[in-house]
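Visitor: This is a predicted model, with the sequence first.
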Amino acid sequence: MGSGTELRNARFLGGDDRFDLRVEGGRITAITPAGAVSRTGGETVDLDGRILTPGLWDEHVHFTQWTTQRSRFDLTGTAGVADVFERVRAVLRRGEHSAGSIVTGYGFRDGSWPAPPTLRALDEVTGPVPVVLISADLHCAWLNSAAAARLGAQPDPSGIVREGEWFALGPELAAASPPTTAMFRDSAEAAARRGVVGVVEFENTDNLGQWPERVAAGVDSLRVEASVWPHRLDGAIAGGLRTGAVIEPRGLVTMGRLKVVVDGSLNTRTALCWDPYPGREGHGAHACGMSSVPPGELRVLLEQAHRHGIAAAVHAIGDRANSEVIDIFEELGIAGTIEHAQLVRADDFSRFKRLGLVASVQPEHAMDDRDIADRHWSGRTDRAFAYGSLHAAGATLRFGSDAPVAPLDPWFAIAAATTRTRDDRAPWHPEQRVPLDLALAASMRGRTRPVAGDLADLTILDDDPGTATSERLRNMPVAGTLLGGRWTWRGL
């Protein structure tokens with residue numbers, strides 16, 4: 001039969017029958033009952049009843065920031081300003097930062113802090129050392145005066161720089177300490193060890209140029225759909241690129257979607273809502289959040305992209321942002337993806353299916369933000385992170401992490417979506433849970449069983465998700481991952 005790989009005695013999700021799969025030329029060429037066909041040639045691997053599934057995808061990542069996070073000190077779990085200062089002091093005492101570098105932390109969530117951050121207090125702790133503290137949602141950063149001067153920022157008395165102003169500073173901060181190729185390779189291989197075969201890259205950078213270079217340098221454990229932001233749309237069009245076009249020789253990187261961010265986030269209280277945030281009623285135009293890209297501008301961008309064969313992915317978190325984005329998709333008569341869809345007006349759920357809109361959501365965010373949502377979206381959380389309502393209305397769901405906002409690990413999303421809890425807490429709005437088979441499909445591009453003719457992007461599991469506890473689901477043991485028939489992780 002020639003070269004190739006024979007995966008024998010595999011089980012599929014939801015069944016006990018065993019099958020043999022033949023992989024040749026990067027594709028599944030045959031699926032037969034175990035032992036029914038005798039073949040020779042190539043490698044034979046006995047899966048001994050392990051579960052074989054289509055490879056997992058993370059439908060929303062910021063890969064550079066996920067990779068860079070490893071070199072930033074951790075602010076996760078800080079309950080207030082005092083906790084943050086304790087960690088900052090510890091980092092400065094260790095003196096591990098080089099002269100002239102910007103000391104950077106990541107992961108605070110000030111949306112539930114008892115007292116707000118201030119520039120003056122941070123300056124008192126840090127002195128002349130430039131310090132940047134990035135929020136877990138990536139939509140704001142707390143800068144001291146030294147860092148603000150270094151980056152050319154103008155924070156208000158809180159020291160917080162939000163949304164567009166912060167996004168403009170991000171590339172300069174990244175350039176001060178860029179991740180190495182080895183770091184990118186480690187991140188990609190870590191994802192492969194969790195069964196991941198592909199990611200949708202939404203980093204605000206030159207994804208179309210950088211990812212082919214990374215693949216050529218050996219960062220080749222994943223497929224990458226590379227997005228463009230509005231300021232790079234003209235360049236993609238001039239290059240003749242359309243969504244789905246292959247943009248590097250090995251076929252691992254393809255042109256993705258136009259990414260447009262129309263509002264902010266929950267933690268930063270900039271997600272655009274119909275109702276004001278508690279305590280912000282007197283904040284004028286921003287009492288209900290912020291509009292980063294107004295509807296008229298969004299309409300022009302989506303029309304331009306659609307004319308040139310580039311699909312759209314629109315970030316919308318607040319319920320007003322979601323309503324306005326859905327309105328524009330309906331006016332234009334085009335389908336697309338809404339990223340996050342965290343708070344949705346009741347009348348808008350059914351519009352997802354009717355208009356062919358995909359809800360690209362990140363279920364672990366519901367676990368991270370449940371307390372912040374209870375505080376700032378009080379009385380509305382029955383339709384927050386409402387995956388059950390989206391599913392009941394017939395919407396197509398796709399799961400991601402928004403890494404580094406949540407770990408690049410689809411099993412976290414699958415567990416959060418099906419249990420609505422982690423640790424020992426009671427489920428949060430358990431009516432919004434979704435069935436396991438749907439959660440798996442949302443992480444496997446809609447199909448949970450391999451099919452002959454598919455690319456041989458496969459995940460091998462040591463446990464059956466259908467019988468796993470919530471904790472076991474989060475830590476699902478992955479025995480192997482194949483990308484186009486090539487092992488990117490092999491633990492069996």
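Guide: Sure, I can see it. Numbers count the residues shown, from 1 in each chain.

Visitor: where's the closest residue to residue 389 other than its chain neighbours, which helix or strand?
Guide: Excluding the flanking residues, the one nearest residue 389 by CB to CB, 6 or more residues apart in numbering is residue 349, at 5.2 Å. (Glycine included, C-beta is placed from N, CA and C.) Assessed by DSSP states H and E, residue 349 sits inside helix 349-355.

Visitor: do residue 298 as well
Guide: Assigned by DSSP H and E, residue 298 belongs to helix 295-307.

Visitor: Flag every buried residue along that helix.
Guide: Within helix 295-307, the residues that count as buried by 16 or more other CB atoms under 10 Å are 298, 299, 301, 302, 305, 306.

Visitor: quick revisit: what's the neighbour count on the residue nearest to residue 389?
Guide: If you count neighbours by other CB atoms under 10 Å, residue 349 ends up with 21.

Visitor: how far away is it from residue 362?
Guide: Distance, residue 349 to residue 362, by CB to CB, to the nearest Å: 18 Å.

Visitor: can you check residue 49 too?
Guide: Relative to residue 362, residue 49 is positioned 33 Å away (criterion: CB to CB).

Visitor: neighbour count winner among the two?
Guide: Using other CB under 10 Å, the more surrounded residue of residue 49 and residue 362 is residue 362, with 26 against 12.

Visitor: Now do the phi/psi pair for that one.
Guide: phi -130, psi 90 (degrees, to the nearest 10).

Visitor: ditto for residue 198
Guide: phi -160, psi 160.

Visitor: Would you confirm that it contacts residue 60?
Guide: No: assessed by CB atoms under 8 Å, residue 198 is found out of contact with residue 60, at 11.9 Å.

Visitor: the more surrounded of those two?
Guide: Shown here are residue 198 and residue 60; by other CB under 10 Å, residue 60 has more neighbours (29 against 21).

Visitor: Spit out the contact partners of the closest residue in space to the more buried one that isn't next to it in sequence.
Guide: Closest residue to residue 60 apart from its sequence neighbours, by CB to CB, 6+ apart: residue 400 at 3.2 Å. Contact analysis of residue 400 by CB atoms under 8 Å, 6 or more residues apart in numbering lists 58, 59, 60, 61, 200, 360, 361, 362, 413.

Visitor: hmm, try it at 7 Å
Guide: Residue 400 makes contact with 58, 59, 60, 61, 200, 360, 362, according to CB atoms under 7 Å, 6 or more residues apart in numbering.

Visitor: what ranges do the strands span in the stretch 101-250 of the chain?
Guide: Here the stretch 101-250 of the chain has its strands, by DSSP state E, counting those that start in this stretch, at 103-108, 131-135, 140-143, 160-162, 196-201, 223-228.

Visitor: and residue 76, which of those strands is closest to it?
Guide: Residue 76 lies closest to strand 103-108 among the strands of the stretch 101-250 of the chain, at 4.0 Å (CB to CB).

Visitor: If you count contacts, what does that closest one end up packed against?
Guide: helix 81-94, strand 131-135 (3 or more CB pairs under 7 Å, 6 or more residues apart in numbering; DSSP states H and E).

Visitor: Export these as TSV, with columns for mean neighbour count and distance to residue 174.
Guide: Conversion of the helices and strands packed on strand 103-108 to TSV gives the following (neighbours: other CB atoms under 10 Å; distance: least, CB to CB, whole Å):
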stretch	mean neighbour count	distance to residue 174
helix 81-94	15	19
strand 131-135	25	11
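
Visitor: confidence score at residue 1?
Guide: According to the prediction, residue 1 has pLDDT 37.

Visitor: For the residue nearest the centre of the chain, give me the backbone phi and psi.
Guide: Centrality entry for the chain: nearest residue to the mean C-alpha point is residue 402, 2.3 Å, by CA atoms, centre = their mean. For residue 402, the backbone dihedrals (degrees, to the nearest 10) come out as phi 60, psi 30.

Visitor: Model confidence for the closest residue to it other than its chain neighbours, exactly?
Guide: In this structure, residue 402 finds its nearest non-sequential neighbour in residue 362, 4.7 Å apart by CB to CB, 6+ apart. Residue 362 is assigned a pLDDT of 98 by the prediction.

Visitor: Equivalent analysis for residue 40, please.
Guide: So, for residue 40, pLDDT stands at 65.

Visitor: Low-confidence ranges, the protein, go.
Guide: Residues of the chain that meet the criterion pLDDT under 70 lie in 1-2, 40, 99, 281-285.

Visitor: report the longest strand in it, please.
Guide: For the chain, the strand that runs over the most residues, judged by DSSP state E, is strand 253-261.

Visitor: how far is it from where the chain is centred?
Guide: 13 Å (CA atoms, centre = their mean, to the nearest Å).

Visitor: picking up where we left off before, now for the residue nearest to residue 402: which residues touch it?
Guide: So residue 362 contacts 60, 340, 400, 401, 402, 406, 413 (CB under 7 Å, 6+ apart).

Visitor: Residue 472 and residue 463 touch, don't they?
Guide: Yes: the pair residue 472 / residue 463 is scored as a contact, 6.4 Å apart, by CB atoms under 7 Å.

Visitor: What's the separation between the nearest residue to residue 458 once chain neighbours are set aside and residue 189?
Guide: Using CB to CB, 6+ apart and skipping the chain neighbours, the partner closest in space to residue 458 is residue 482 (4.5 Å). Here residue 482 is placed at a distance of 14 Å from residue 189 (CB to CB).

Visitor: In terms of neighbours, single out the busier of these two.
Guide: The neighbour comparison of residue 482 against residue 189 (other CB under 10 Å) goes to residue 482, with 26 against 16.

Visitor: So what sits opposite the more buried one in the bridge?
Guide: For residue 482, the beta-bridge partners under DSSP bridges are residue 458, residue 487.

Visitor: So what's the residue count around residue 224?
Guide: Residues lying near residue 224 (other CB under 10 Å) number 26.

Visitor: Give the bridge partners for it, please.
Guide: Using DSSP bridges, the beta-bridge partners of residue 224 come out as residue 199, residue 253.

Visitor: can you pull the contacts of it?
Guide: Going by CB under 7 Å, 6+ apart, residue 224 touches 198, 199, 201, 211, 252, 253.

Visitor: Can you say which helix or strand has the residue of the chain positioned farthest from its centre in it?
Guide: Centroid-distance maximum for the chain: residue 38 at 42.7 Å, with CA atoms, centre = their mean. Counting by DSSP H and E, no helix or strand carries residue 38.
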